[in-house]
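**Student:** Model the structure of this input:
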Amino acid sequence: MRDHATSYAASTPVRRVAVVANAPLPPSVERRDLIDSSDLVVRVNSLALDSPDGPPCVGTRTNVVVTARTARPTPAFLADYPNRAYFVTDVFHFVAPLVPGWPPWWPADLGAWMVPNRAIGRPLKYLLSPETGGEGLSPTTGTLAAYLAYRLFPEADIVLTGFSFLHDRNQTDWGYHTPGLRRSPVIASHKLDREGAYLQGLVDRGEVRHLS
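**Tutor:** Residues are numbered from 1 along each chain as shown. Below is the predicted model of the structure:
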């Protein structure tokens with residue numbers, strides 16, 4: 001997975017990875033420039049990009065997309081998809097007898113890879129809920145993207161932005177940076193208190209940075 005992601009990087013070696021989640025963000029030239037100057041930019045699900053005539057917020061580059069099958073389509077999701085790596089989370093399907101296929105609106109040549117449960121999904125679930133071995137919990141795609149970047153590029157400067165539950169662990173619905181995309185409920189198996197505490201711990205220990 002590291003080699004596959006690196007093959008889509010803007011430059012190598014990968015010294016800085018920006019992980020951009022979907023929370024609405026105010027304009028910031030500093031944030032935009034940091035994202036777009038990173039060697040690897042990771043975005044998630046119903047991702048947004050800055051428009052040419054809009055304010056500078058989240059940048060325009062994407063090298064890796066971490067997504068769930070249920071992600072709602074946005075104009076940016078498939079933009080320039082042949083030049084991106086797509087990783088699909090599968091934490092919902094540990095015991096499903098038949099794993100669902102790709103959504104019909106995904107291009108046949110998208111070339112998405114599954115995020116392996118044994119190496120990534122289960123260890124993250126256990127970190128979030130060690131007392132239950134991770135049972136009954138499904139990490140958000142944003143947390144999984146941050147964990148994936150942390151695991152694949154431990155030597156890199158990893159910068160997180162757009163993670164609303166770092167400061168609001170009691171939220172019950174999601175807002176999106178994509179204009180016009182309606183809010184959606186936070187499903188019960190997402191434990192934002194656990195996920196927020198885990199990511200904040202990485203920040204506090206200096207293992208990742210958070211840019212608001």
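**Student:** I'd like to know how far Ala9 sits from Ala197.
**Tutor:** Applying C-beta to C-beta, to the nearest Å, the value for Ala9 to Ala197 is 30 Å. Every C-beta, even on glycine, is put in place using the N, C-alpha and C of the backbone.
**Student:** For those two, indicate the residue with more neighbours.
**Tutor:** Remark: of Ala9 and Ala197, Ala9 carries more neighbours, 19 against 14, as counted by other C-beta atoms under 10 Å.
**Student:** Now do the same contact list for the more buried one.
**Tutor:** By C-beta atoms under 8 Å, 6 or more residues apart in numbering, Ala9 lies in contact with 39-40, 63.
**Student:** Most neighbours among those, please name it.
**Tutor:** Leu40 (27 neighbours).
**Student:** Point out where the chain drops to low pLDDT.
**Tutor:** Residues of the chain that meet the criterion pLDDT under 70 lie in 91-99.
**Student:** ranges for the helices of it?
**Tutor:** Taking DSSP state H, the helices of the chain run over residues 2-6, 29-36, 122-128, 141-152, 192-204.
**Student:** Gly54: which of the contacts of Ala9 is nearest?
**Tutor:** Using C-beta to C-beta, Asn63 comes nearest to Gly54 of those, at 21.2 Å.
**Student:** Which residues are in contact with that closest one?
**Tutor:** Applying C-beta under 8 Å, 6+ apart, we find Asn63 in contact with 5, 8-10, 40-42, 84-85.
**Student:** Likewise for Tyr150?
**Tutor:** The contact partners of Tyr150, by C-beta under 8 Å, 6+ apart, come to 158, 202, 207-208.
**Student:** follow-up on the earlier one: from the contacts of Asn63, which ones fall inside strands?
**Tutor:** Under the assignment DSSP state E, the contacts of Asn63 contribute 40-42, 85 to strands.
**Student:** Narrow the contacts of Asn63 to those that are buried.
**Tutor:** 5, 8-9, 40-42, 84-85 (16 or more other C-beta atoms under 10 Å).
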